[in-house]
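> Dropping a prediction and its sequence here:
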Amino acid sequence: MVLDTAQALLAVAAAIAIAGGLVGTGLAQSGIGASGMGIIAERPEKFGQVLFFFVIPETLWIIGFALGIVLLLNVL
């Protein structure tokens, strides 16, 4: 399978988009998780609210993945 330079650059761009979304999610969840555990230790009834805020950064990797797919399939 022979790839030209444009396809190779699109593959690298897709990898960067996906990796950036994953790294951003990890960094965001590390701070939220640490502070969330402190909140739950003091007030266990806040578990649902802390879980909601812990899940919000998951949208970062979903957006990165969708952008990577768009790049790889040459949709735009």
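Structure received.
> Return the distance of stretch 20-33 from the chain's centre.
Relative to its parent chain, stretch 20-33 has a centroid offset of 7 Å by C-alpha atoms, centre = their mean, to the nearest Å.
> List the buried residues in that stretch.
Neighbour-count burial for stretch 20-33, counted by 16 or more other C-beta atoms under 10 Å, picks out 20-21, 25, 28-29, 32. Where C-beta positions appear, they are placed from N, C-alpha and C, glycine not excepted.
> export these to JSON lines and tack on distance to Val70, pLDDT and secondary structure?
Formatted as JSON lines, these follow (distance: C-beta to C-beta, whole Å; pLDDT from 0 to 100; DSSP: H, G, I helix; E, B strand; the rest coil):
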{"residue": "Gly20", "distance to Val70": "14", "pLDDT": "90", "secondary structure": "helix"}
{"residue": "Gly21", "distance to Val70": "13", "pLDDT": "89", "secondary structure": "helix"}
{"residue": "Thr25", "distance to Val70": "19", "pLDDT": "91", "secondary structure": "helix"}
{"residue": "Ala28", "distance to Val70": "23", "pLDDT": "90", "secondary structure": "helix"}
{"residue": "Gln29", "distance to Val70": "25", "pLDDT": "90", "secondary structure": "helix"}
{"residue": "Ile32", "distance to Val70": "28", "pLDDT": "90", "secondary structure": "helix"}
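> At the geometric centre of this protein, which residue do we find?
Trp61 (2.2 Å; C-alpha atoms, centre = their mean).
> Format the buried residues of stretch 20-33 as TSV; extra columns: distance to Val50.
TSV is the format used below for these (distance: C-beta to C-beta, whole Å):
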residue	distance to Val50
Gly20	26
Gly21	23
Thr25	17
Ala28	14
Gln29	12
Ile32	8
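> what's the closest of those to Leu51?
Taking C-beta to C-beta as the measure, Leu51 lies nearest Ile32 of the buried residues of stretch 20-33, at 10.2 Å.
> so the closest one touches Phe54, yeah?
Yes: counting by C-beta atoms under 8 Å, Ile32 touches Phe54, with 5.3 Å between them.
> residue ranges for the helices of this protein, please.
5-42, 47-55, 58-72 (DSSP state H).
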